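Enquirer: A predicted structure for the sequence below; I have some questions about it.
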Amino acid sequence: MKRSKIVVAGAGQIGTPVVERLVAEGHEVVWVSRSKPGRIPAGARHVALDAQRGEEVAKVATGARAIIAAVNPPIYDAAVWKETLVPLNAGLIDAARRSGARLVLLDSLYMYALDHGPLRPTTPQEPVSEKGKIRKALADILVAAQREGVRAVSLRASDFLGQDLDRSLLSPSAIDRIKRGKSPLLIGDPDVLHAFSMRDDVVDGLVRLAFAEDDVEGQVFHAPVVHETTRNLVEREAQKHGAHVKAWALPAWLLHVAGLFDRNTRGLVEMLPQWTAPYLVDDSSYRERFPAPARSEMAGSARA
């Protein structure tokens, strides 16, 4: 792969491994985030700036092949999302418009209606949650920008699984509980299938879309998923550590009460419909475009 300049916006649990991957492949990486990461891989150049400032991001993106955006607020609350994500996306779109670089945007699946079978890029966007409504508004803004000539492509991922993910069902703290024979926090029905996106598959997808041919622009792809029950995930993890864990979910009423005192928990409450019935995702559009096997960490898991 030809050495290229790539700008990565976001220093969280996806942006960081994206930078590590690109540096390892020998690319010129400009890493943009408001605060300096604790560790910057050798070969990456960090620039401290707010991605809301599109003109400034465009300056560091001069000559870049792509801007990979993996930004998300640290608090799982709709009010925080509305306050931060709208100007963030506007800034990134403006940066792509000014620089001419392709914007590769990591997105979620929250904007879709949940009663139309496996979620596809063509599934009606009829969100019932506030976070879903925000995601739909952002998607509409991006579509309008693409019609005006902005080069962009979206990769929509489901809930993450994988190593070094503090915000994940199997986070390091959750795994520590499992090792001690305790169930991590589960919500909804632990026995229904749920789509998960593996961290390395998401990283791989963002990088592939940055280097893909121009035909990906203007499209939406769903990152590769695995379908599993949360009970199976917890019990499999327990077996790895020689522990016995009986997985259980927090009752909905208790989750509502806890949400009165914690914004992150309140953010989980409105997403309960995704966890109380099968949550299935169709990733065929991505797999057909990029047929090489994704580097999933859960080979053999059930797929819908």
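Expert: Looks like it arrived, so ask away.
Enquirer: identify all contacting residues around stretch 16-32.
Expert: The contact list for stretch 16-32, computed with C-beta atoms under 8 Å, 6 or more residues apart in numbering, reads 1, 3-11, 15, 37, 40-47, 49, 51, 57, 60-61, 64, 68, 70, 164, 199-200, 203-204, 206-207. (C-beta placed from N, C-alpha, C; glycine too.)
Enquirer: buried ones in the worst-scoring helix or strand of the chain on mean pLDDT?
Expert: Lowest by mean pLDDT, DSSP states H and E among the helices and strands of the chain is helix 252-259, with a mean of 79. By neighbour count on 16 or more other C-beta atoms under 10 Å, the buried set for helix 252-259 is L255, A258, G259.
Enquirer: who's in contact with the nearest residue to S129 once chain neighbours are set aside?
Expert: Leaving aside its chain neighbours, S129 sits nearest to E270 (4.5 Å; criterion: C-beta to C-beta, 6 or more residues apart in numbering). Counting by C-beta under 8 Å, 6+ apart, E270 touches A78, S129, E130, K131.
Enquirer: ditto for S35
Expert: Per C-beta under 8 Å, 6+ apart, neighbours of S35: A11, A48.
Enquirer: that one: what secondary structure?
Expert: Assigned by DSSP: H, G, I helix; E, B strand; the rest coil, the conformation of S35 is coil.
Enquirer: quick one, phi psi at it?
Expert: Backbone geometry at S35, expressed as degrees, to the nearest 10, gives phi -120, psi 160.
Enquirer: break down the stretch 101-250 of the chain into its strands, ranges please.
Expert: All strands of the stretch 101-250 of the chain, identified by DSSP state E, counting those that start in this stretch, fall at 102-107, 152-156, 159-161, 194-198, 220-222, 226-228.
Enquirer: so which of those gets nearest E288?
Expert: E288 sits nearest to strand 220-222 of all those, at 9.9 Å, using C-beta to C-beta.
Enquirer: list the contacts of the closest one.
Expert: Residues outside strand 220-222 that contact it (C-beta under 8 Å, 6+ apart) are 107, 109, 119-121, 153-157, 205, 209, 281-283, 285-286, 289.
Enquirer: buried only: go through these for me.
Expert: So, by 16+ other C-beta under 10 Å, the buried ones in the contacts of strand 220-222 are 107, 109, 119, 121, 153-157, 205, 209, 281-283, 286.
Enquirer: start to end distance for stretch 120-130?
Expert: 20 Å (C-alpha to C-alpha, to the nearest Å).
Enquirer: picking that back up, save the buried residues of helix 252-259 as CSV, and put in distance to R177 too.
Expert: CSV is the format used below for those (distance: C-beta to C-beta, whole Å):
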residue, distance to R177
L255, 17
A258, 17
G259, 21
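Enquirer: P73 and V86 touch, don't they?
Expert: No. Taking C-beta atoms under 8 Å as the definition, P73 is not a contact partner of V86, at 11.1 Å.
Enquirer: tell me which residues of the helix or strand harbouring G91 come out buried.
Expert: Secondary structure from DSSP states H and E places G91 in helix 78-99. Counting neighbours by 16+ other C-beta under 10 Å, one finds that the buried residues in helix 78-99 are 78, 80-81, 84-85, 88-99.
Enquirer: what mean pLDDT does it have?
Expert: For helix 78-99, mean pLDDT is 96.
Enquirer: what ranges do the helices span in the stretch 1-150 of the chain?
Expert: Under the criterion DSSP state H, counting those that start in this stretch, helices of the stretch 1-150 of the chain are mapped to 15-24, 54-60, 78-99, 130-147.
Enquirer: tell me which residues in the second one are buried?
Expert: Going back to what we said before, that points to helix 54-60. By neighbour count on 16+ other C-beta under 10 Å, the buried set for helix 54-60 is G54, E56, V57, A58, V60.
Enquirer: how far away is the fourth one from N264?
Expert: So the one you mean is A58. Distance, A58 to N264, using C-beta to C-beta, to the nearest Å: 33 Å.
Enquirer: next: the last one.
Expert: In this structure, V60 and N264 are separated by 32 Å, where distance is defined by C-beta to C-beta.
Enquirer: and of the buried residues of helix 252-259, the nearest to A137?
Expert: Comparing the buried residues of helix 252-259 against A137 with C-beta to C-beta places G259 closest, at 23.3 Å.
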